[in-house]
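Novice: How does the following fold in three dimensions:
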Amino acid sequence: MFHTSAFFFVLAGLCVCQAKVVDLTSANFDTVVNGDKFAFVEFFAPWCGHCKALAPTYEKLGEAFANSDDVVIAKVDADGEKSLGSRFDVSGYPTLKYFPKGSTSAEEYSGGRDIKDLVSFVESKSGARANKALFKTNVVDLDSGNFDSIAMDKTKDVLVEFYAPWCGHCKRLAPTYDLVGKAFKNEPNCVVAKVDADSEKDLGERFGVTGFPTLKFFPKDNKEGEEYNGGREEQDFIDFLNEKCKTNRVSGGGINQEAGRIDKYDDFVKDFMADQDKRDAILAEAKSLIDAQENTKMATYYTKVMERVQSKGDSFVTVELDRLKRLMEGSISNSKKDEFSMRSNILAQFKLDVTKEEL
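Specialist: Numbers count the residues shown, from 1 in each chain. Take a look at the predicted model:
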């Protein structure tokens, strides 16, 4: 029984140490921070605004060293664990302390709190290497070297956040802004970008940036830049960019049910499915107007579906929708997924008119 209990005790300790950010209490602190590994510890309070702002960055730090055998990234609720806060002279939140490998004596961390600063510090002190792949962002980083080639490109609509790494509002916006970047990642001419205007002061001054974060939109036809004053939730940005860029993106990077569709050709579909005797004439007219459409590729697809319905029957629509669904569930490129989604949107117009009672 003793050996079994000891086994589970050791196993529990291993599980704690392998967590991305280890939660420490008075019960496990000395077991985890025991000198065997380099330990980086945040002493926080749940009600602390600065702690809340740091939290996403600190989670990233934990992820960066999650697979390291020599590093522990941990945190202590020092408001709940007052004895630990007192023991390590914590007088404000958040307080960051580190424990070198081979020592249980705390040393104060007074460096920057950007993810790059934290990772660099832990690497330099521990000798471990972070998983840098986790820091890939969906937002394009701009600086004096590439700003004009991207933001001033008259073939692109570009939303730019001017931020400072130390700015609390910027840190809170960062996760949302990255999601917006993800939504438009497959739109080469609708770019979501950011500038560290604290380092790139010339760019900030050039565009009259006086506070952080400042968001400016650089449409194809106005490279002076327009102030963005809309909401700062993910959907606010998505709605804004869809309107300005004439896109149909949704959260996560997919496209909505309007993508690929053409109003004139939706009308053709309605008439085509309603009257079999007129199908040849409607198909001929739809073909004759392809070159007049902005999206000739999708207009052509409408007519190809009409031809397949003519040759294979109305059931072709359901069969093809099912085929595209299977393809999209497989491993395909984002561009192919967009193409198949647009085709599905068009096919659905035929199906809605054929089988309303089934839906």
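Novice: Okay, Lys75 and Leu324: tell me how far apart.
Specialist: 46 Å (C-beta to C-beta, to the nearest Å). Yep, even glycine has a C-beta here, placed from its N, CA and C like the rest.
Novice: more neighbours, these two?
Specialist: Lys75 (22 against 16; other C-beta atoms under 10 Å).
Novice: Show me which parts of the helix or strand that contains the more buried one are buried, residue by residue.
Specialist: Element membership for Lys75, per DSSP states H and E: strand 71-77. Judged by neighbour count using 16 or more other C-beta atoms under 10 Å, the buried positions of strand 71-77 are Val71, Val72, Ile73, Ala74, Lys75, Val76, Asp77.
Novice: chain center to the lengthiest helix in the chain: distance?
Specialist: Ranked by residue count, the top helix of the chain under DSSP state H comes out as helix 334-354. Going by C-alpha atoms, centre = their mean, to the nearest Å, the spacing between the C-alpha centre of helix 334-354 and its chain's C-alpha centre is 25 Å.
Novice: cool, and stretch 126-133?
Specialist: The answer for stretch 126-133 is 22 Å, by C-alpha atoms, centre = their mean.
Novice: hmm, back to that, now tabulate the buried residues of strand 71-77 in TSV and tack on distance to Ile255 and pLDDT.
Specialist: Shown next, in TSV, are the buried residues of strand 71-77 (distance: C-beta to C-beta, whole Å; pLDDT from 0 to 100):
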residue	distance to Ile255	pLDDT
Val71	41	97
Val72	43	97
Ile73	38	98
Ala74	42	98
Lys75	40	98
Val76	45	98
Asp77	43	97
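Novice: can you put these in TSV and add distance to Glu243?
Specialist: TSV is the format used below for these (distance: C-beta to C-beta, whole Å):
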residue	distance to Glu243
Val71	46
Val72	47
Ile73	42
Ala74	45
Lys75	42
Val76	46
Asp77	44
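Novice: From Asp271, how far off is the residue of the chain positioned farthest from its centre?
Specialist: What lies farthest from the middle of the chain is Asp277; by C-alpha atoms, centre = their mean that is 49.9 Å. If you measure Asp277 against Asp271 using C-beta to C-beta, the figure is 11 Å.
Novice: what do you get for Glu59?
Specialist: 55 Å.
Novice: from memory Ala183 sits against Ser251, does it?
Specialist: Yes. If you go by C-beta atoms under 8 Å, Ala183 and Ser251 touch, sitting 5.7 Å apart.
Novice: Show me which of those two is the more surrounded one.
Specialist: Ala183 (26 against 12).
Novice: Let me know whether Gly181 touches Val192 as I believe.
Specialist: Yes. Between Gly181 and Val192 there is a contact under C-beta under 8 Å: 4.1 Å.
Novice: What is the burial count for Asp30?
Specialist: 11.
Novice: which residues touch it?
Specialist: Contacts for Asp30 were tallied using C-beta atoms under 8 Å, 6 or more residues apart in numbering; they are Thr104.
Novice: Check Phe237 too.
Specialist: By C-beta under 8 Å, 6+ apart, Phe237 lies in contact with Leu159, Thr176, Tyr177, Val180, Val192, Gly230, Gly231.
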